[in-house]
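Chemist: mind looking at a prediction? Sequence and model below.
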Amino acid sequence: MQHFTFARGRFAMTEAWTVSEVQSQVHALLEHFVDRLPASRDARIVIKPNLNNDLVALTGNSVDLRVLMAIVEDLQARGYTDLTIADGSNVGVERRGIDTFKRLRIDRLAALRGVRVVDLNQDVGEQVVLTAGARPHVARTVLDCDFLLSVPKVKTHVEAGLSCAMKNWVGIARGQDKRHMHFDLCRNIFAINEVVKPDLVLVDGLIGMEGNGPGDGEPFRLGRLFACEDAFLNDAVMCRIVDLPLDRVPYLGHAQQAGCLDGALLAQIRAQVPVVRRIKAAPPRTRLALLADSRKIFWLKKLARPLTDRPEVLQAAYKLRIIQDVYSRQDDAVQGIRRRAEDCGDCDRCVAFCPTGLLRDEIGVKVDAEHCIGCLYCWWVCPKGAIELDGPLHAMQRQVDRYKAEIEAI
């Protein structure tokens, strides 16, 4: 583990890839920041992952279940009893009634470990005043907890430049109130992080997303976990780690202007923190995409939704790079998996990616809820087609067409 101390706080990073490494290194990071954890074992702890949409974590979009499982298990081993996993996915997901907790198997992980899940989009909220007229309601589950653990991903973002700890906070705004954030997205990312601050940030940097993120980029192996006690510092350091210039991340520019990140701190980061891997930056947004997001025509977008929600129109908008996400309202109906041992070989990739720690000979055999949460990570990463799915893909089919080969090769 490498750790750094700056005027704004501490930052640590460590390598991890397999499930056993994730478990040990999550423990090491929480131990490093143990003085940040609540003194009371009855403290209300909210774990806020990035569940932006229904893309499986191995694309680099949402939080890896191995990381989430390791955090929950470690906190429970320390004696904490009141744990909640909470997030509010993006407005497109919310408007269509898509349950990302179900599609990403967060609900099954939570049931296995006996923790609550809260969809912040449906939570009661308290209105906060940000900028450019934005007055979103922030979920009370977040505001009322005793300890707030942010668990973001490392992704590029076509509007914000980077999606990490500070961008993760868009998810604490309720439902369609997230549209308020987009009145001036980067100023409001900065503003909401001034209003609500996490007690600790633990970043899932196993697989990130680069290029056309956060919903249509390419997954890449970063193979790291990070922890920090300050969201502003975390994202400034993360820019250094992925060699992304700060001027490509406008919300960090607003943090600099406000004095949250000064020149001496940024120079110290550049001098001490190594570049791990240069990330491919997000491309400029098209004029059509910018027009589609304009507040001035939002009334027209609402009026035209019966037309624009048709699958053929969504596909055309995706091809024109107006949108990144094409959603299906039909959940997958995968009931289980079968592993053909004769085709398997000995790569053990399925073992490395299983959040519940199943061994090779148990994968496809121990399929009960006590052992398997049906995340399908084993199937996603298998390069030999040795694992078969029982049931139709439905909403997952587009992800498979877009990402299966890339995930197998990662």
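Modeler: Sure, I can see it.
Chemist: so which strand or helix has the closest residue to residue 272 other than its chain neighbours?
Modeler: Nearest non-adjacent residue to residue 272, counting by Cβ to Cβ, 6 or more residues apart in numbering: residue 4, 5.6 Å away. Yep, even glycine has a C-beta here, placed from its N, CA and C like the rest. Element membership for residue 4 (DSSP states H and E) is strand 2-6.
Chemist: start to end distance for stretch 91-100?
Modeler: 12 Å (Cα to Cα, to the nearest Å).
Chemist: now do the buried residues in it.
Modeler: Counting neighbours by 16 or more other Cβ atoms under 10 Å, one finds that the buried residues in stretch 91-100 are 91-94, 98, 100.
Chemist: now, among the residues you listed, which is nearest to residue 60?
Modeler: For the buried residues of stretch 91-100, the minimum distance to residue 60 (Cβ to Cβ) is 15.6 Å, reached by residue 100.
Chemist: contacting residues for the closest one?
Modeler: Residues near residue 100 by Cβ atoms under 8 Å, 6 or more residues apart in numbering: 51, 53-54, 62, 87, 89, 93, 106.
Chemist: which one of those is nearest residue 70?
Modeler: Among those, and counting by Cβ to Cβ, the member closest to residue 70 is residue 106, at 14.3 Å.
Chemist: wait, that closest one sits on residue 117?
Modeler: Yes. With contacts counted by Cβ atoms under 8 Å, residue 106 reaches residue 117, the gap being 6.1 Å.
Chemist: mind listing the shared neighbours of these two?
Modeler: residue 85.
Chemist: neighbour count: these two, which is higher?
Modeler: Neighbours were counted for residue 106 and for residue 117 using other Cβ atoms under 10 Å; residue 106 has more, 23 against 16.
Chemist: tell me the secondary structure for residue 219?
Modeler: strand (DSSP: H, G, I helix; E, B strand; the rest coil).
Chemist: and it, how close does it get to residue 153?
Modeler: 11 Å (Cβ to Cβ, to the nearest Å).
Chemist: also residue 71?
Modeler: Distance of residue 71 to residue 153, computed by Cβ to Cβ: 14 Å.
Chemist: who has more neighbours out of the two?
Modeler: Applying other Cβ under 10 Å to residue 71 and residue 153 shows that residue 153 carries more neighbours, namely 31 against 26.
Chemist: measure that one to residue 57 for me?
Modeler: 8 Å.
Chemist: what sits in contact with each of the two?
Modeler: Common neighbours of residue 153 and residue 57 (Cβ under 8 Å, 6+ apart) are 63, 204.
Chemist: any stretches of the stretch 201-350 of the chain with poor pLDDT?
Modeler: Residues of the stretch 201-350 of the chain meeting the criterion pLDDT under 70: 299-301, 304.
Chemist: now do the helices in it.
Modeler: For the stretch 201-350 of the chain, applying DSSP state H, counting those that start in this stretch gives helices covering 231-241, 250-257, 263-272, 287-292, 298-303, 305-308, 311-319, 349-353.
Chemist: nearest to residue 33, out of those?
Modeler: helix 231-241 (12.2 Å).
Chemist: distance between the closest one and the chain's centre?
Modeler: Averaging C-alpha positions (Cα atoms, centre = their mean, to the nearest Å) puts helix 231-241 16 Å from its chain's average.
Chemist: any chance you could list what contacts it?
Modeler: Residues outside helix 231-241 that contact it (Cβ under 8 Å, 6+ apart) are 4, 6, 8-9, 11, 13, 150, 154, 162, 164-166, 169, 193, 197-198, 201, 203, 224, 226, 228, 244-246, 248-249, 251-252, 255, 260-261, 265-266, 269-270, 273-277.
Chemist: what about 7 Å?
Modeler: Residues from elsewhere that reach helix 231-241 (Cβ atoms under 7 Å, 6 or more residues apart in numbering): 6, 8-9, 11, 150, 154, 162, 164-166, 193, 197-198, 201, 203, 228, 246, 249, 252, 255, 260-261, 266, 269-270, 273, 275-276.
Chemist: list buried residues within those.
Modeler: Among the contacts of helix 231-241, the ones that count as buried by 16+ other Cβ under 10 Å are 6, 8-9, 11, 150, 154, 162, 164-166, 193, 198, 201, 203, 228, 246, 249, 252, 255, 260-261, 266, 269, 273, 276.
Chemist: now residue 4: how far from residue 16?
Modeler: Residue 4 is 18 Å from residue 16, where distance means Cβ to Cβ.
Chemist: okay, now residue 309: neighbour count?
Modeler: Residues near residue 309, counting by other Cβ under 10 Å: 14.
Chemist: can you check the one 4 residues further on too?
Modeler: If you count neighbours by other Cβ under 10 Å, residue 313 ends up with 12.
Chemist: grab the nearest non-local neighbour of it.
Modeler: residue 307 (6.2 Å).
Chemist: relative to residue 397, how far out is that neighbour?
Modeler: Separation of residue 307 from residue 397 (Cβ to Cβ) stands at 23 Å.
Chemist: settle it for me: which of these two has more neighbours?
Modeler: The residue with more neighbours, out of residue 307 and residue 397, is residue 397; 13 against 8, by other Cβ under 10 Å.
Chemist: burial count for the residue lying closest to the more buried one once chain neighbours are set aside?
Modeler: Residue nearest to residue 397 in three dimensions, not counting chain neighbours: residue 328, with 7.8 Å by Cβ to Cβ, 6+ apart. Close neighbours of residue 328, defined as other Cβ under 10 Å, add up to 17.
Chemist: element containing the nearest residue to residue 169 once chain neighbours are set aside, please.
Modeler: By the measure of Cβ to Cβ, 6+ apart, the closest residue to residue 169 outside its immediate chain neighbours is residue 192, 5.1 Å from it. Using DSSP H and E, residue 192 maps to helix 185-195.
Chemist: strands of the stretch 51-200 of the chain, start to end?
Modeler: 82-87, 116-119, 125-127, 137-139, 147-151, 153-157, 161-163, 200-210 (DSSP state E, counting those that start in this stretch).
Chemist: among these, which is nearest residue 286?
Modeler: Of the strands of the stretch 51-200 of the chain, nearest to residue 286 by Cβ to Cβ is strand 153-157, at 15.4 Å.
Chemist: quick check: mean pLDDT across the closest one?
Modeler: Averaging pLDDT along strand 153-157 yields 98.
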